[in-house]
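Peer 1: give me a 3D structure for the following:
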Amino acid sequence: MLLSPKMEEDQTPLSRAPLTLLTFSDEASQPPVVTPAPTPRSLSSVLPSHTGAFGSLCFVLADLAKSPDFEGFAMFGVVKEAGVDDAGLSEFYHRHFPFPLYRDDKWVFYNDFFGRKKIGLRTWNPLQMYRGYKEMMARVKGKKIKGNLAGEGMVQGGLVLFGVDGKAKYAYEEEVGKELEMEDVVKALEAIKAEANKAEANND
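Peer 2: Numbering: from 1, shown residues only. The predicted structure is shown next:
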């Protein structure tokens, strides 16, 4: 989960990433309406309003917010596009991720920070592929998440953990079909907490 050298170098471009806040109509509205804000804002101007006592989590699942390990971290999400499958995006927001969502207008997170990583096969063994697919679909069904083929679905994202200084501290690159390594995430969050507490103690 440590940042790669390239990610460390891309901190400045990332801070300038133009993000457009998305607002959603009521869940009962048909058809669902997703409205982008008229003017994008840079990540550096967005982060202060989404930073808790220790930092921020970006690209995360709603399940994480229920864990006491994430107290002190504010949450928000970034998506690649809007206006392509607003019904699916609206359902995701209302039922799975009730946190602020932004559109990454220039795909800075995806292309620059994560290096435009695309979906690829981890094995050519047909039995392993089938088992992996069945396990992934069982997890998706268990979380009551619906999927479709609308929009761009090849470029992957991940999870980014920011400190109170607005800098990315850790990053987890998405691997399709593989669950998030929660033990690693918790260790990274604890390290960020310790860093924030140490800085606060030095300022007293």
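Peer 1: by mean pLDDT, which helix or strand of the protein comes out lowest?
Peer 2: helix 126-142 (a mean of 51; mean pLDDT, DSSP states H and E).
Peer 1: who does the helix or strand just after that helix pair up with?
Peer 2: Downstream of helix 126-142, the first helix or strand assigned by DSSP states H and E is strand 158-163. Strand 158-163 pairs in its sheet with strand 55-58 (antiparallel), strand 168-173 (antiparallel), by DSSP bridges.
Peer 1: need these in a markdown table (columns: distance to Phe24, mean neighbour count and mean pLDDT).
Peer 2: Just so you know, the C-beta spots here come from the backbone N, C-alpha and C atoms, and that holds for glycine as well. Below are the strands paired with strand 158-163 laid out as a markdown table (distance: least, CB to CB, whole Å; neighbours: other CB atoms under 10 Å; pLDDT from 0 to 100):
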| stretch | distance to Phe24 | mean neighbour count | mean pLDDT |
| --- | --- | --- | --- |
| strand 55-58 | 18 | 25 | 78 |
| strand 168-173 | 26 | 20 | 85 |
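Peer 1: so which of these comes closest to Leu2?
Peer 2: Closest approach to Leu2 among those (CB to CB): strand 168-173, 6.4 Å.
Peer 1: please report phi then psi for Ser25.
Peer 2: Phi and psi for Ser25, reported as degrees, to the nearest 10, are phi -70, psi 170.
Peer 1: neighbours of the nearest residue to it once chain neighbours are set aside, how many?
Peer 2: Closest residue to Ser25 apart from its sequence neighbours, by CB to CB, 6 or more residues apart in numbering: Val33 at 4.1 Å. By other CB atoms under 10 Å, 13 other residues sit near Val33.
Peer 1: got the contact list for Val33?
Peer 2: 24-25, 86, 90 (CB atoms under 8 Å, 6 or more residues apart in numbering).
Peer 1: ditto for Val108
Peer 2: 13-14, 16-18, 43 are the contacts of Val108 under CB under 8 Å, 6+ apart.
Peer 1: ok, now Ser4?
Peer 2: Neighbours of Ser4 in contact, by CB under 8 Å, 6+ apart: Ala171.
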